[in-house]
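S.K.: Following is a predicted model, sequence given first.
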Amino acid sequence: FLTTICLEVGGAELLFDGVKEHQVTLPGQSDPWDMKQLLVWIQRNLLKERPELFVQGESVRPGILVLINDADWELMGELDYQLQDQDCIVFISTLHGG
Amino acid sequence: FLTTICLEVGGAELLFDGVKEHQVTLPGQSDPWDMKQLLVWIQRNLLKERPELFVQGESVRPGILVLINDADWELMGELDYQLQDQDCIVFISTLHGG
Amino acid sequence: PLRAKHALSNEDIMRYSRQLLLPDLGVRGQLNLSKTSVLIVGCGGLGCPLAQYLAAAGIGRLGLLDYDEVELSNLHRQVLHGEENQGQAKALSAANAVRRLNSTVECVPYHLQLSPENALQLIQQYDIVADCSDNVPTRYLVSDACVLSGKPLVSASALRMDGQLTVYNYRGGPCYRCLYPAPPPPETVTNCSDGGVLGVVPGIMGCFQALEVIKIASGQGSSFGQQLLMFDAQDARFRSIKLRPRQAGCAVCGEEPSVTQLVDYEAFCGSAATDKCQRLHL
Amino acid sequence: PLRAKHALSNEDIMRYSRQLLLPDLGVRGQLNLSKTSVLIVGCGGLGCPLAQYLAAAGIGRLGLLDYDEVELSNLHRQVLHGEENQGQAKALSAANAVRRLNSTVECVPYHLQLSPENALQLIQQYDIVADCSDNVPTRYLVSDACVLSGKPLVSASALRMDGQLTVYNYRGGPCYRCLYPAPPPPETVTNCSDGGVLGVVPGIMGCFQALEVIKIASGQGSSFGQQLLMFDAQDARFRSIKLRPRQAGCAVCGEEPSVTQLVDYEAFCGSAATDKCQRLHL
Ligand SMILES: [Zn+2]
Ligand SMILES: [Zn+2]
């Protein structure tokens, strides 16, 4: 399975070197990619510094909302969601300022 | 050619009985529908009263902006544009208040 | 509770004439507004435009809560205050400005910190709550108090060039904890004092809060229950996100809630309830 | 022309500290703001929040133009004015309110009607023009004057629960006449006095104008050249529309312009330059 997805960062925190949008082709593998594997891949390939700002255990840290194609990932199966080609995954940092 | 399109009214003026969105299936005909024919069809079928608020000559009246799939129709050929199935046509009344 | 108004005065009709013309509002909607009380938690970058437009629109009673005083560094975004109000309590300064605009609105300034001790007693007196605060513990406190008192919460936030808005605990939708069961690690939280904010961004988000409060109060209903509005001011881009429904396992609004009264939110979040971000060492 | 500021004072650094932190603004952007002059045409529902947030952000000079006086029916949306300002010139009332917020901004009130006789001379003194007017003839007048003087025009409008925004004559993009070569028949034009408007809708649109002016003035550039933002407050829906480019055949900005000086816009539009809509019988 070869999957190309877009990764985006919403909200103010600059996780991926300040770049808002990444087009990413994931390496081929025999099974479809799921979100759990994607988080591991992001941590290894995109987040060279301070991964604790992004992950906690095998999920994202509290205060980050994950969207799969503009819907809360909770509606889509969270870590078990299987990525489709051209999916758009967005990581939103919750804002608290006023 | 049988074409189903969505018609929408943006801005404040209530042209089509106050309904913002219409799903419309145009009658079958041998050639593709173009915008010129669509305006005639709208005038005959949707605008029973005061068509002068909508049309002038064979085009829309000044002060209405026409969008074809979220782009200014001037970019798409205006009256000569040939409708595709599932096109979304929006008529915007320019606002002047402040 | 507010005295129910049964008719508009001649002065009301003059003042609100331009919005009385709206089919979506009309006399009925205007009377509904005049019967509604709104508590604004935080009179800063969000609270200022919100208070301004709610008062202008003729909301019945406006509670204005802030523990802080006006500083020069506030004035680039907190537009209800003026240079002459520096050092004054924000709640009082905001109340005075709002009264100049519409003296028929009942204005109640609270110069205090919202706390687990006073939140329920305050919130119970209002129909709608608006979260315009600037720190994580207060956001959990306001949300829990709204769940426990059954009030809709119109919540917005802003940082740098970004804004977010959601209506929580509204028509069976999720609460803040449904979305964020655990607080963010304090070292990942950026406040406006650290990260900065373009003044007009909370200006826009506060206006959106006013719009949603007016729609709820007048009877039109909000578009943002179980929905998140994201605004990116740099690209002038908006995004509407479908959120999860109310969570059966939520600690406060779920089926077997473990939070049945307000708790210590500074301890829960590991940070102080101000935007002068210090980590608490407990 | 404004004296070029070469450095920020200590007071400036305090006042603007939260926005100086922004990578997209910073000291350079703040200095750019302080060198920029903006003419606001109309101190009503759009002009009030626009003036407020531009002054708060530290724009160098603000021209505030309005021929009208404050009335009670303005106060539901024209939030810079207060009850005590009824009967006062809007331009003066707005200038006083803006000075309370930021006395370091140079404020120039113009209590007059913009006309073909005075428009060029006025607009030439400013870097950016904001159209916050309320009638068709003024919208053509402001646009033509901006084309003839080469100024970008940040234009917004609002009616009922809807708003629109475009930046005209900006970086080679279209002008108002490119989009609307012929004026609308007067009987098809609905003004706020006839159709009503929810106060916070021009509030939101005026804040958007402030954002785009700040982006242009600070050097970030606007997102709305050749682009139309539509806002539907009822459904809280936004739409960004790609517009036509500058038109070679445009009467004022085209290749062989027929309009090379300002004309009689009331005659051109067949209506008076006020929002008290009367049709002119010429
Ligand atoms: Zn919950
Ligand atoms: Zn042109």
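M.R.: Nice, thanks for sending it over. Residues are numbered from 1 along each chain as shown, chains lettered A, B, ... in the order given. Ligands and ions are numbered 1, 2, ... in the order given.
S.K.: ok, residue 94 - contacts?
M.R.: If you meant another chain, say so; for now it's chain A. Residue A:94 is in contact with A:11, A:63, A:64, A:65, C:157, C:164, C:180, C:184, counting by Cβ atoms under 8 Å, 6 or more residues apart in numbering or on different chains. Any C-beta I mention is one placed from the backbone N, CA and C, and that applies to glycine too.
S.K.: Chain C was what I was after
M.R.: C:43, C:47, C:48, C:51, C:64, C:66, C:80, C:81, C:109.
S.K.: just residue C:70 next, same as before
M.R.: C:78, C:81, C:85, C:86, C:87, C:88, C:89, C:90, C:93.
S.K.: Model confidence score at the residue in chain C positioned nearest to chain B, please.
M.R.: Per Cβ to the nearest Cβ, residue C:23 is where chain C lies closest to chain B, at 8.2 Å. The per-residue pLDDT reported for residue C:23 equals 90.
S.K.: Let me know the secondary structure of it.
M.R.: Following DSSP: H, G, I helix; E, B strand; the rest coil, the label given to residue C:23 is coil.
S.K.: Show the end-to-end separation of stretch C:209-225, please.
M.R.: 12 Å (Cα to Cα, to the nearest Å).
S.K.: What's the mean pLDDT across that stretch?
M.R.: 97.
S.K.: go on, stretch C:194-202?
M.R.: pLDDT averaged over stretch C:194-202 gives 94.
S.K.: How many neighbouring residues does residue C:256 have?
M.R.: Using other Cβ atoms under 10 Å in any protein chain shown, residue C:256 has 8 other residues around it.
S.K.: and it, what helix or strand is that in?
M.R.: Under DSSP states H and E, no helix or strand contains residue C:256.
S.K.: Which parts of chain A are strands?
M.R.: For chain A, the strands defined by DSSP state E occupy A:3-10, A:21-26, A:55-56, A:59-60, A:64-68, A:71-72, A:88-93.
S.K.: who wins for proximity to residue C:74 among these?
M.R.: strand A:88-93 (23.9 Å; Cβ to Cβ).
S.K.: so how far is the closest one off the chain centroid?
M.R.: 6 Å (Cα atoms, centre = their mean, to the nearest Å).
S.K.: Contacts for that strand next, please.
M.R.: Contacts of strand A:88-93 (Cβ under 8 Å, 6+ apart): A:5-13, A:15, A:35, A:38, A:54, A:60, A:63-70, A:83, C:164, C:188, C:228, C:230, C:241.
S.K.: In contact with the nearest residue to residue C:212 once chain neighbours are set aside, which residues?
M.R.: The shortest distance from residue C:212 to any non-neighbouring residue, by Cβ to Cβ, 6 or more residues apart in numbering or on different chains, is to residue C:222 (4.6 Å). Residues in contact with residue C:222 (Cβ under 8 Å, 6+ apart) are C:152, C:154, C:167, C:170, C:212, C:215, C:216.
S.K.: To which secondary structure element type does the third one belong?
M.R.: Three-state call for residue C:167 (three-state DSSP): strand.
S.K.: same thing with the fourth one?
M.R.: Using three-state DSSP, the secondary structure recorded for residue C:170 is coil.
S.K.: I'd assumed residue C:152 was in contact with it.
M.R.: Yes. Checked against Cβ atoms under 8 Å, the pair residue C:170 and residue C:152 is within contact range at 4.2 Å.
S.K.: Overlap of the contact sets of those two?
M.R.: With Cβ under 8 Å, 6+ apart, residue C:170 and residue C:152 have common neighbours C:216, C:222.
S.K.: on that earlier part again, okay if I get the strands of chain A as TSV plus mean pLDDT?
M.R.: Output for these, formatted as TSV (pLDDT from 0 to 100):
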stretch	mean pLDDT
strand A:3-10	86
strand A:21-26	88
strand A:55-56	89
strand A:59-60	94
strand A:64-68	95
strand A:71-72	96
strand A:88-93	93
